[in-house]
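In: Take a look and give me a structure for this.
(one chain, ligands or ions: 1)
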Amino acid sequence: MADNPAPVQADSPEAVRYNRIRRWLGIADVGVAFVFLLVLLVTGWSGSLRDLAYRMGFGGYSLSLFMYLLLLLVISKALSAGLDYYGFQLEREYRLSTQRFRSWLWDEIKSFLVGLVMGSIVVELLYFTIRHMPEYWWILAWLLFMALFVAMAQLAPVVLFPIFYKFEPLENEDLRRRLVVLSQRAGTRVRGVYRWRLSEKSKKANAALTGLGATRRIILADTLLDNYTPEEIEAVLAHELGHQVHRHILKSILVQAAITFVGFWAANWTLHYAIDRQLFEFVQISDFANLPLIALVSVVLSFLLMPLLNAYSRFNERQADRYVFESIASVEPFISSMNKLAEQNLAERAPSRWVEWIFLSHPSISRRLAAAEAWNRTQAEHPQV
Ligand SMILES: [Zn+2]
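Out: Coordinates of the predicted model:
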């Protein structure tokens with residue numbers, strides 16, 4: 001440990017408390033969904049809802065399926081509304097949000113509608129494959145889902161994000177020039193850099209590489225652009241560029257494809273198991289009263305895979321950070337931007353090991369800083385000209 005002179009700044013009780021509450025909110029959210037789906041199946045209420053949906057849908061399959069989904073989403077929204085409101089209040093309580101209640105409510109309504117539209121496409125496709133290929137529906141569904149997933153990744157920056165935030169092309173000439181130099185050095189082309197008007201809703205800062213193909217772009221929150229030095233923003237840009245150089249979006253889609261394949265196989269197996277043993281009210285695979293069971297498989301699988309996926313994400317983040325060290329003149333702006341981000345976002349710099357392992361998609365700030373310091377030391381020992 002003598003080799004590590006970087007002092008780790010202790011987390012304020014405020015930061016610890018805020019992050020702990022956020023984690024518990026996340027767990028409670030999954031818990032509510034899990035219990036809701038289980039209750040629907042065990043009590044047979046899913047069957048009652050299906051009968052009601054058939055009355056609302058005038059007996060037609062597709063319309064009734066839509067009605068069933070609508071009922072499910074309305075009930076689950078009602079169940080989680082309290083937690084959602086608490087989450088909104090939490091951000092305000094810790095002075096991290098600038099959003100007013102009406103704006104938040106409007107966002108909630110919009111995200112419900114977006115969820116309804118996307119959910120409808122998903123379930124209609126799902127039961128279309130089940131009805132037309134009862135044996136191998138899960139393989140066809142998997143292919144269709146991946147196509148949908150790729151289309152969504154491509155459309156998200158131009159269709160989905162603008163529903164909630166405003167974006168405009170970055171106009172800062174100095175930054176543009178720095179980015180061009182950085183990306184040329186990386187041997188890659190940046191399709192666009194956008195200013196993301198996050199300040200209308202939050203005080204937190206953020207940046208991301210989003211989109212696919214022609215819509216691939218780096219988005220930088222105005223809360224970051226307005227408060228960080230050009231060198232610090234360059235470090236943030238270099239990190240996002242690192243994701244691009246290492247093709248992280250494409251790789252994540254491939255990982256997603258593998259997981260979704262296993263997920264569909266597991267859903268098919270579980271459906272047949274439940275039908276064979278007559279565990280629940282549905283006796284046919286095409287009976288959409290079994291939707292909660294498919295959803296349950298997906299909830300359980302994503303919960304179990306969370307540590308694995310987060311580990312993969314942390315690996316990618318470390319790779320992107322290493323790219324920053326290699327591509328900018330000094331790691332100092334990276335270090336100061338990390339410190340600013342931690343403060344601004346009330347992040348835990350040094351969460352416990354298991355918290356990091358299970359919940360965090362990024363390495364903790366203290367680890368990222370330690371990596372930068374270590375890089376600095378190796379450079380001092382073996383300077384490269
Ligand atoms: Zn990143």
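
In: only C-alpha atoms for contact and neighbour calcs from this point on.
Out: Noted.

In: now the strands for the chain?
Out: For the chain, the strands defined by DSSP state E cover 167-169, 193-196, 207-210, 217-221.

In: E381 - how many residues pack around it?
Out: For E381, the neighbour count with other Cα atoms under 10 Å is 9.

In: out of the strands of the chain, deepest packed?
Out: Most buried of those by mean neighbour count (mean count of other Cα atoms under 10 Å) is strand 217-221; its value is a mean of 23.

In: Indicate each strand paired with it and its parallel or antiparallel sense.
Out: strand 193-196 (parallel), strand 207-210 (antiparallel) (DSSP bridges).

In: still on that earlier bit, of the strands of the chain, give the one that comes closest to L72.
Out: strand 207-210 (30.6 Å; Cα to Cα).

In: which residues in the stretch 1-150 of the chain form helices?
Out: Using DSSP state H, counting those that start in this stretch, the helices of the stretch 1-150 of the chain run over residues 13-43, 45-56, 61-93, 101-132, 137-155.

In: Now do the shortest one, average pLDDT.
Out: Taken as a whole, helix 45-56 has an average pLDDT of 96.

In: Mind listing residues that contact that helix?
Out: 39-40, 60-61, 64-65, 67-68, 71, 281-282, 288-290, 292 (Cα atoms under 8 Å, 6 or more residues apart in numbering).

In: Drop anything exposed from those residues.
Out: For the contacts of helix 45-56, a neighbour count by 16 or more other Cα atoms under 10 Å gives the buried set as 40, 61, 64-65, 67-68, 71, 281-282, 288-290, 292.

In: Check the gap between L155 and G57 for me.
Out: The gap separating L155 from G57 is 31 Å, by Cα to Cα, to the nearest Å.

In: how about the helix ranked longest in the chain: buried residues?
Out: Counting residues, the longest helix in the chain under DSSP state H turns out to be helix 291-327. Within helix 291-327, the residues scored as buried using 16+ other Cα under 10 Å are 291-299, 301-302, 306-307, 309-314, 316-325, 327.

In: Pull the number of nearby residues for M338.
Out: Going by other Cα under 10 Å, the residues that sit close to M338 add up to 20.

In: Pretty sure Y228 sits against S336.
Out: No - using Cα atoms under 8 Å, Y228 is not in contact with S336, being 9.3 Å away.

In: Tell me which of the strands paired with strand 217-221 lies nearest to H246.
Out: Per Cα to Cα, nearest to H246 of the strands paired with strand 217-221: strand 207-210, 11.9 Å.

In: related to what we said a few turns ago, and which of the contacts of helix 45-56 is nearest S97?
Out: L71 (31.5 Å).

In: ok so, going back, of the strands of the chain, give the one that comes closest to F264.
Out: strand 207-210 (26.3 Å).

In: mind saving the C-alpha coords of the closest one as CSV?
Out: Output of strand 207-210 as CSV, limited to C-alpha atoms (Å, rounded to 0.1, in the frame of the first residue of the first chain):
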residue,chain,number,x,y,z
ALA,A,207,-22.1,13.1,-20.8
ALA,A,208,-22.6,10.1,-23.1
LEU,A,209,-22.0,8.5,-26.4
THR,A,210,-25.3,7.5,-27.9
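
In: What's the mean pLDDT across that strand?
Out: The model assigns strand 207-210 a mean pLDDT of 90.

In: rewinding a little: identify the farthest-apart pair in the contacts of helix 45-56.
Out: Taking Cα to Cα, no two of those sit farther apart than V39 and G60, at 26.3 Å.

In: what's the nearest residue to A238 if we skip its chain neighbours?
Out: Leaving aside its sequence neighbours, A238 sits nearest to V324 (Cα to Cα, 6 or more residues apart in numbering; 5.2 Å).

In: Contacts only, for that neighbour.
Out: A235, A238, H239, G242, V331, F334.

In: Of those, which pair is most distant in space?
Out: Pairwise over these, using Cα to Cα, the maximum falls at G242 and V331, 14.7 Å.

In: Neighbour count for those two, which is higher?
Out: Comparing G242 with V331 by neighbour count (other Cα under 10 Å), the higher total belongs to G242, at 26 against 20.

In: Pass me the low-pLDDT residue ranges in this protein, would you?
Out: Applying pLDDT under 70 to the chain flags residues 1-8, 383-385.

In: run the last query once more with 90
Out: Scanning the chain for pLDDT under 90 picks out 1-11, 171-192, 209-216, 237, 244, 249, 278-283, 327-329, 378-385.

In: circling back: turn the strands paired with strand 217-221 into TSV, including distance to L220.
Out: Below are those laid out as TSV (distance: least, Cα to Cα, whole Å):
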stretch	distance to L220
strand 193-196	5
strand 207-210	4
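
In: closest to L160 out of those strands?
Out: Using Cα to Cα, the nearest of the strands paired with strand 217-221 to L160 is strand 207-210, at 11.6 Å.

In: which residues sit against that closest one?
Out: Under Cα under 8 Å, 6+ apart, the answer for strand 207-210 is 153, 157, 216-221, 236, 240-241, 243-244, 249.

In: Next, format those residues as CSV and append distance to V123.
Out: As requested, the contacts of strand 207-210 are exported to CSV (distance: Cα to Cα, whole Å):
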residue, distance to V123
A153, 19
P157, 24
R216, 28
R217, 30
I218, 32
I219, 31
L220, 34
A221, 34
V236, 39
E240, 34
L241, 36
H243, 32
Q244, 33
I249, 25
